[in-house]
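J.: predicted model and sequence follow; I will ask about them next.
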Amino acid sequence: MKNKENILIIGSGSIALKHFNILKKKFNVFFFTRNKSLKKKINLNRIYYNWNKATENDYLFAVIANNTHKHVEAINNCVKKEINIYCEKPISHKIFNYKGLRNKLFNKKIYFICGYHLRQNQKIKYLKKQIQNNSITFQFKVGHDILKWRKQRPRINSYYTNTKKGGGCLNELVHEINLIQFLFGKIEKIETFNKKTKRFNFKCEEFSTSIIRTKKKQIGTLYQDIFSPIFFRNLTILCKNKLFEYDFVKNKLKLNNREIKLKSENLQVDLIKDNLDFFIKLIKKRKFTLQYFDESVQDMLIVQKMYDKKI
């Protein structure tokens, strides 16, 4: 029987454990974390608290699933050890020397992808094909209640309730920026108004509204909210004689008020698995590209522009 390959997960939170539960079926999974309580969550001996010890093994790739403000440090550590990188979104909460990092990735041929699993959604893939070369306007809306979203009640010192550590609605909901650029092309201009929260002494914005123009001169809006009492994620796209409406929560896509049913229906766990499988195929087939690194940096740069205006 062929020996299982090794995967390293950096982090110990709920996102790290989601990836562990998917990857453990086919791989030997190791953890690197500073959190000594991880052993209470999972029955696993392959947990390292020392980076040099952790990297004595060979890994197909590492999943970076620690706090957002620690992503760049983790990426650079993986680059030094020449480990391929699957990084949870966003790549960073602030601008860093991404050109220097890109050169290192290129020179060492280190594969990189960010965890934008919604791009594997069959309905998103369908929409991308349908709206090509069409004159388009779009409206994107997303809302979560962060108090219910996380398994543990957010604390004042939690990274996701602190903008300076990569929290707040603009960083936490960066998936929408990535999907907009995936579907409609690069964002050329964005005007954003965001509102800082006064709840629980959290140090982050709670909602924002943006007007967007892409390089293809398509105009759209984006609303993001992390204190919504209702979970919603909706995308409306208006083309010539076509109105697409996609409710992510109900997983229903309509064209001119008629539901479109596709053969493959995706749940979140399936989407994460599909994205991991996509990355593994890139590595196995030696299809080296820095496209996904460049896109992740572009998303980060757009988010930085979105902090300009406050209400």
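T.: Received, thanks. Numbers count the residues shown, from 1 in each chain.
J.: dump the C-alpha coordinates for the helix or strand containing residue 100 into PDB.
T.: Using DSSP states H and E, residue 100 sits in helix 98-108. Extracted in PDB, the C-alpha atoms of helix 98-108 (Å, rounded to 0.1, in the frame of the first residue of the first chain):
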ATOM      1  CA  TYR A  98       4.500  41.200  -1.600                       C
ATOM      2  CA  LYS A  99       6.800  41.800  -4.600                       C
ATOM      3  CA  GLY A 100       9.700  40.500  -2.600                       C
ATOM      4  CA  LEU A 101       7.700  37.500  -1.400                       C
ATOM      5  CA  ARG A 102       6.500  36.900  -5.000                       C
ATOM      6  CA  ASN A 103      10.100  36.700  -6.200                       C
ATOM      7  CA  LYS A 104      10.900  34.100  -3.500                       C
ATOM      8  CA  LEU A 105       7.800  32.000  -4.400                       C
ATOM      9  CA  PHE A 106       8.800  32.100  -8.100                       C
ATOM     10  CA  ASN A 107      12.500  31.400  -7.600                       C
ATOM     11  CA  LYS A 108      11.800  28.400  -5.300                       C
END
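J.: do a quick rundown of the helices in this structure.
T.: Applying DSSP state H to the chain gives helices spanning 14-23, 38-41, 51-54, 71-80, 98-108, 122-130, 146-149, 169-172, 175-184, 268-284, 291-305.
J.: so for residue 227, which of the ones you listed sits nearest?
T.: helix 146-149 (6.5 Å; CB to CB). (C-beta placed from N, C-alpha, C; glycine too.)
J.: which strands or helices does the helix holding residue 100 pack on?
T.: When contacts are defined as 3 or more CB pairs under 8 Å, 6 or more residues apart in numbering; DSSP states H and E, helix 98-108 packs onto helix 71-80, helix 291-305.
J.: need these in a markdown table with distance to residue 8, can you?
T.: Conversion of these to a markdown table gives the following (distance: least, CB to CB, whole Å):
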| stretch | distance to residue 8 |
| --- | --- |
| helix 71-80 | 8 |
| helix 291-305 | 19 |
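J.: stretch 4-20: how far from the chain's middle?
T.: Chain-centre distance of stretch 4-20: 15 Å, with CA atoms, centre = their mean, to the nearest Å.
J.: same question but for stretch 200-219, I mixed them up
T.: Taking CA atoms, centre = their mean, one finds the center of stretch 200-219 at 16 Å from the center of the full chain.
J.: quick check: longest strand of this protein.
T.: Identified as the longest strand of the chain according to DSSP state E is strand 227-239.
J.: what's near enough to touch the closest residue in space to residue 165 that isn't next to it in sequence?
T.: If the residues on either side of it in the chain are set aside, residue 165 comes closest to residue 159, at 3.9 Å by CB to CB, 6 or more residues apart in numbering. Residue 159 sits next to 67, 68, 69, 165, 166, 167 when contact means CB atoms under 8 Å, 6 or more residues apart in numbering.
J.: and the residue nearest to the last one when sequence neighbours are not counted, what pLDDT?
T.: The shortest distance from residue 167 to any residue that is not its chain neighbour, by CB to CB, 6+ apart, is 3.9 Å, and that residue is residue 160. With respect to pLDDT, residue 160 has a value of 80.
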